[in-house]
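Engineer: no FASTA, just this:
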């Protein structure tokens, strides 16, 4: 407010200066050029002070996020990190109708490889499917992950699109029908996608280091645990070509002999999922710079879903529902502050239940990584 008033006064003086110069005399008149220069200097000072204040606020925020008790946690000594990670991603759908038909679908496991680059507690990376490079690239498959880990909070942002390479892993058509010939069959009638963000808070962040196990950015000195709580949002889509399923069944059992239940006749379902979660995590400090981290969270999820049931004109898949989902993380890491290597397993479960339609989705990844930290932070350079 003071700065704004000062600018208004200066502008007023500029406006009246020619009049004062015309009727006044001697040193009592402020020269117009001096007033303009004063205003320019003031504006320049204001423009420089704002970025400086903003940067100071950012530094204070970052310092607070990384605040720990050094008897329990050794902070990161380096600013930057590079890492190569191999990932095996998995995705399994279980779809059931009210009349007892049940399908379990999952693609073959594939190996993905990609580089990651980190700054303190932020990691950005991209992995690509080694089986689908160049002429064999499946453009429908895509995975993007961005993880931000600090001592106090963590954020995971993810974007996944599966290909059309699912297989029927288990089939139950009801009425005692044998399905051995169906199981293991390729089924390109499913395409799924998930986009979401999860954020969580670590209560005992002064003594327990979540990043030590899952982003390798600190060292846990003493075994310790913490309660964690968070919230998340995901947007899911599932395209299911039931006509291809019926064609596959007809090929084995004969046309019209076995019918796909109407509860499974939907072309596409979209789910929007808002959840709150709570759980516990614990780091076991092992000899020779090794660490085992385990965490589990149960999520109370509110799901709004929409989809069309085909064939009978009914809309069977519009529902607001609350379900219990889960998130599990397991990590084993070696870290001497300069080099680190290890493995991690992340598991997500989503469950949707309704009178005519039930689906469960299990997805996650198994990772093996090797990384190197560099760019020693200023306060550790003279040690």
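Structural biologist: Yep, that arrived. Please read all numbers here as calculations on a predicted model, not as lab measurements. Residues are numbered from 1 along each chain as shown.

Engineer: parallel or antiparallel, list what pairs with the host helix or strand of residue 331.
Structural biologist: Assessed by DSSP states H and E, residue 331 sits inside strand 319-335. According to DSSP bridges, strand 319-335 forms sheet pairs with strand 290-307 (antiparallel), strand 339-353 (antiparallel).

Engineer: among the ones you listed, which comes closest to residue 200?
Structural biologist: strand 290-307 (7.4 Å; C-beta to C-beta). For glycine as for every other residue, the C-beta is placed from the backbone atoms N, C-alpha and C.

Engineer: centroid residue for the chain?
Structural biologist: residue 157 (2.1 Å; C-alpha atoms, centre = their mean).

Engineer: doesn't residue 197 make contact with that residue?
Structural biologist: Yes: contact criterion C-beta atoms under 8 Å: residue 157 and residue 197 qualify, at 5.0 Å.

Engineer: how about low-confidence regions in the stretch 101-250 of the chain?
Structural biologist: 121-122, 131-141, 143, 145 (pLDDT under 70).

Engineer: all helices for it, in order.
Structural biologist: 210-214, 242-253 (DSSP state H, counting those that start in this stretch).

Engineer: who wins for proximity to residue 381 among those helices?
Structural biologist: Across the helices of the stretch 101-250 of the chain, closest to residue 381 is helix 210-214 (C-beta to C-beta), at 22.1 Å.

Engineer: can you name every helix or strand that that closest one contacts?
Structural biologist: Under the contact criterion of 3 or more C-beta pairs under 8 Å, 6 or more residues apart in numbering; DSSP states H and E, helix 210-214 touches strand 142-149, strand 153-161, strand 219-220, strand 268-286, strand 290-307, strand 319-335.

Engineer: let's see it at 6 Å
Structural biologist: strand 290-307 (3 or more C-beta pairs under 6 Å, 6 or more residues apart in numbering; DSSP states H and E).

Engineer: for the strand it packs on, which residues meet the burial criterion?
Structural biologist: 291, 292, 293, 294, 295, 296, 297, 299, 301, 303, 305, 307 (16 or more other C-beta atoms under 10 Å).

Engineer: what is the nearest of those residues to residue 374?
Structural biologist: residue 291 (21.2 Å).

Engineer: hang on, isn't the closest one packed against residue 333?
Structural biologist: Yes: assessed by C-beta atoms under 6 Å, residue 291 is found in contact with residue 333 at 5.3 Å.

Engineer: just want the angle from the strand holding residue 331 to strand 153-161.
Structural biologist: Between strand 319-335 and strand 153-161, the angle comes out at 110 degrees (axes from the mean of the first three to the mean of the last three C-alpha atoms, to 10 degrees).
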